[in-house]
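Participant: fold the following and give me the result.
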Amino acid sequence: MMLKVLIGVVVVLAVLSVVIAMQPDTFRVERSVAIAASPERAYSQVVDFHQWSSWSPWEKVDPDMKRTYAGAPSGVGAVYSWAGNGKAGEGRMTIEEAAAPSKISIKLEFIKPFQATNLATFVFTPTAAGSTVTWSMDGKNNFFSKAFHLVMNMDKLVGGDFEKGLAAMKANAERASTSTQAAASTGN
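Facilitator: Modelled structure (predicted):
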């Protein structure tokens, strides 16, 4: 009887290992928002890590989070590091590409509670009504992250935060655009 149970467990683990191994090697999370402001307005909020506190959904996760800035003040070479509670974790972002006002690519390194390196990309596309901002994150799945993705969908895990961040970015950009237009119309 014990031998049958052991064989059953081995078979289940073997099947589970095959299912996990067959999961995608990469993942992508992407969200977009239409903004009634120029691409430059949104771009300026992303290219300078000091501006992230006004729109990033993760800035409010831990009020005591320690933040450090290094490298360039903004653009390529700018570095933002954080260390917070268990929910905020610890990590670092480095701007690797900044093509004003159309694209920003950021190397996103998570240190705690798990280690991972992903690529976050922001694309700013001009439209007749202003712009569209697309925020995406691409990453690789090792065996353990493939197993994690069986029970937790990365798109559902992060997508809602992207939507919150883009909504805050939109509000900021549109408010700044309205303020600039009002100042221009009054001659200030």
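Participant: who are the packing partners of the strand or helix carrying residue 104?
Facilitator: According to DSSP states H and E, residue 104 maps onto strand 103-112. Helices and strands touching strand 103-112, by 3 or more C-beta pairs under 8 Å, 6 or more residues apart in numbering; DSSP states H and E, are helix 39-47, strand 90-99, strand 116-127. C-betas here are computed from N, CA, C, even on glycine.
Participant: mind redoing it with 10 Å?
Facilitator: helix 39-47, strand 78-83, strand 90-99, strand 116-127, strand 130-140 (3 or more C-beta pairs under 10 Å, 6 or more residues apart in numbering; DSSP states H and E).
Participant: give the burial count for the nearest residue to residue 53 once chain neighbours are set aside, as a bare number.
Facilitator: Once flanking residues are discounted, residue 53 sits nearest to residue 59: 4.8 Å by C-beta to C-beta, 6 or more residues apart in numbering. Residues lying near residue 59 (other C-beta atoms under 10 Å) number 18.
Participant: could you do the one 5 residues further on as well?
Facilitator: Burial of residue 64 is recorded as 8 neighbouring residues (other C-beta under 10 Å).
Participant: and residue 52, by the same measure?
Facilitator: Neighbour number of residue 52 under other C-beta under 10 Å is 19.
Participant: contacting residues for the closest residue to it other than its chain neighbours?
Facilitator: Distances taken as C-beta to C-beta, 6+ apart put residue 59 closest to residue 52, at 6.2 Å, once the chain neighbours are dropped. Applying C-beta atoms under 10 Å, 6 or more residues apart in numbering to residue 59 gives the contacts 52, 53, 65, 67, 82, 84, 88, 165, 168.
Participant: now swap in residue 56 and tell me
Facilitator: Contacts of residue 56 by C-beta under 10 Å, 6+ apart are 45, 46, 49, 80, 161, 164, 165, 168, 169.
Participant: measure the residue lying closest to the first one once chain neighbours are set aside to residue 73 for me?
Facilitator: Read it as residue 45. Spatially, and ignoring its direct neighbours in sequence, residue 45 is nearest to residue 51 (4.7 Å; C-beta to C-beta, 6+ apart). According to C-beta to C-beta, to the nearest Å, residue 51 and residue 73 sit 11 Å apart.
Participant: more crowded one of those two?
Facilitator: Remark: of residue 51 and residue 73, residue 51 carries more neighbours, 15 against 10, as counted by other C-beta under 10 Å.
Participant: the more buried one touches residue 44, doesn't it?
Facilitator: Yes. In this structure residue 51 lies within contact range of residue 44 using C-beta atoms under 10 Å: 6.9 Å.
Participant: need the residues touching each of those two.
Facilitator: 74, 172.
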